[in-house]
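Trainee: Sequence and predicted structure, then a few things I'm wondering about:
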Amino acid sequence: MTAMTRRSLVGLGMALPLLGPLGWSAHASQRPASASDPVRINYNESPWGPSTAARQAMREGIEHCGRYPYDAQYRLIETFAASNGLESDQVQVFCGSKLALQHAVMAFTGARSLVVPDPSYEAPVDAAESRGSTVHRVALDNRHAHDVEAMLAADRTPGLIYLCNPNNPTGTLTPRRDIERLLANKPDGSVILVDEAYIHFSDAQSCIGLVKEHPELLVLQTFSKLYGMAGARLGLAVGQAPLLQRLEVYDGGNVAPAPTLLGALASLQDRQLVPQRKADNARLREQTIAWLGERGWRCTASQTNCFMIDLRGPATPVVERLASQGVLVGRVWPSWPNWVRVSVGNEAEMLRFREAFATLTTG
Ligand code: PLP
């Protein structure tokens, strides 16, 4: 093991955590993992949680919880729209981007199909299958990018084509020119949804700038990943107003919680937050991937807070063996049964991961 010994891990602290009402230890995201805490690197959450400014704003938001916080929602929309060169009617707020995704599936599929990359985030597939829509799964290409030609060929008149860029679970990017080619060649009446849940971790350019020219392009972003607000639930949908109105049928005029909106605003106003967390995440991810590489394990070329490891054999037993050591990783995707997804935690969590992973190969 490089730069880590069993002794240094023990030295990280053995104190029993104080459990909060949800059974989580207080400020778990800010403390190094102790030997008694499970290491939760299985849901692509942030090990850092909301920023200091966001926590302060969220506390202040409690004072406003007696009223519907439309003002805060308009301020958030206007701030986001202004910094992305959009009109405010081109941004819609949802309690999590998953909800926006589910509503997009409801709005744009049904009689018409859904086309998705595989492996990728399963929420749109689950939503489409629950309403009986046809789903076409298209394998990633050999660079682990979306195979846009095959996606276009999957159905001549799909209702919705889902892109995830960077992709969950591989963390890999699809080149901008491929996304532009898809937009240029898609059938009329088919909506393209680009899910940018992980864009802030990557060097990729957002597709938000393409919304002006493309009336059937929907882009989703979230505060759950780099901004560390998964538990506060906030996602944004960006598109031309008539497209967003088709989603409003399901969520029209809804408003997000006041603490969440104020926390999100404070996050957007913090100019250091994205570059700082992006750099910290990349450092921890690359350290871990290099450590695995030195031991002969191949990983995906991730630009996000997760990556996949090729275990060259069934991955599910490995997930179980790591869990038995208190290190929660996963999931395994059915189309890639030998690969496991690992989320990037904080320094101490990644040390615990390495120690547990090392025992798998040494018996
Ligand atoms: N999109 C992708 C690609 C995700 O991985 C996730 C969550 O893991 C989501 C959307 C949903 O995020 P949220 O509903 O927390 O905004």
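Mentor: That came through fine. Numbering: from 1, shown residues only.
Trainee: tell me the phi and psi of A237?
Mentor: Main-chain dihedrals, A237, degrees, to the nearest 10: phi -110, psi 140.
Trainee: I meant V116, not that one.
Mentor: In terms of degrees, to the nearest 10, the main-chain angles of V116 are phi -130, psi 150.
Trainee: Would you mind stating the distance between it and the ligand?
Mentor: Separation of V116 from the ligand (C-beta to the nearest ligand atom, to the nearest Å): 11 Å. C-beta coordinates here come from the backbone N, C-alpha and C atoms, glycine included.
Trainee: who does the closest residue to that residue other than its chain neighbours bridge with?
Mentor: Leaving aside its chain neighbours, V116 sits nearest to Y162 (4.7 Å; criterion: C-beta to C-beta, 6 or more residues apart in numbering). In this entry, Y162 is beta-bridged to L193, by DSSP bridges.
Trainee: tell me the contacts of Y162?
Mentor: Shown in contact with Y162 (C-beta atoms under 8 Å, 6 or more residues apart in numbering): 114-117, 120, 124, 193, 195.
Trainee: how about 7 Å then?
Mentor: By C-beta atoms under 7 Å, 6 or more residues apart in numbering, the residues touching Y162 are 114-116, 124, 193, 195.
Trainee: separation between it and G235?
Mentor: Plainly put, Y162 is 15 Å away from G235 if you go by C-beta to C-beta, to the nearest Å.
Trainee: what's the burial count for V342?
Mentor: When neighbours are defined as other C-beta atoms under 10 Å, V342 has 29 of them.
Trainee: Beta-bridge partners for it, please?
Mentor: Per DSSP bridges, the residues bridged to V342 are F307.
Trainee: in the protein, what spans have low per-residue confidence?
Mentor: Scanning the chain for pLDDT under 70 picks out 1-35, 362-363.
Trainee: Specify the local secondary structure of E78.
Mentor: Put simply, E78 is helix when judged by DSSP: H, G, I helix; E, B strand; the rest coil.
Trainee: how about it, what does it touch?
Mentor: Each residue near E78 by C-beta under 7 Å, 6+ apart is listed here: S88.
Trainee: One more: Q90?
Mentor: Applying C-beta under 7 Å, 6+ apart, we find Q90 in contact with 81, 211, 238-241.
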